[in-house]
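What would the 3D arrangement of this be:
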Amino acid sequence: MKKLVLMFTLILFIVSCNNDDENNRDVDIVGDWKLIEMLSDPGDGSGTYNAVDSDFVISFLDDGTFTANGDFCNMLDVSGSPSTGIYSEIESTITPELCEGSIPNWDYSFVINGDKLIIYFPCIEPCGAKYLKL
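Coordinates of the predicted model:
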């Protein structure tokens, strides 16, 4: 009887395991990513991501470089000059080149969560941007 219960439990466990590829897949950073949301936080940690209507796209190439159709250094201003830089999947950082003005060339951290790329900016309060892979 114990063997039957153990076997039934094992079968139930195997059947209940859900191979949810949509949420657990490894998404490659190489490709085009479109800005869809920006994090707004008043400084108390209660910030939320809000949808944005933007044409800002970052293209990650397989040689460790990226291009963007706007000013990456200026909080993703599409009206600015196109941006270029490098990225490291191992360190989860993006480093733009030639930031204009007084903004230094920061290493921006990123994570890939499902089919979303989240880039964090060096701000006093939390700030970031979410992208969807095209």
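
now the protein, which segments are flagged as low pLDDT?
1-26, 75-77, 100-105 (pLDDT under 70).

Show me where it has its helices.
Using DSSP state H, the helices assigned to the chain run over residues 2-16, 21-24.

Can you name the residues that contact the most centrally placed residue in the chain?
Nearest residue to the geometric centre of the chain (CA atoms, centre = their mean): L117, 1.7 Å. Residues in contact with L117, defined by CB atoms under 8 Å, 6 or more residues apart in numbering, are I29, W33, I58, F110, V111, K130, Y131, L132, K133. Where C-beta positions appear, they are placed from N, C-alpha and C, glycine not excepted.

Swap in 6 Å and give it another go.
W33, Y131 (CB atoms under 6 Å, 6 or more residues apart in numbering).

Next: the one 5 residues further on.
With CB under 6 Å, 6+ apart as the criterion, the residues that contact P122 are W106.

next one: F60
I29, V30, F66.

got it, and I118?
Contacts of I118 (CB under 6 Å, 6+ apart): V111, G128, K130.
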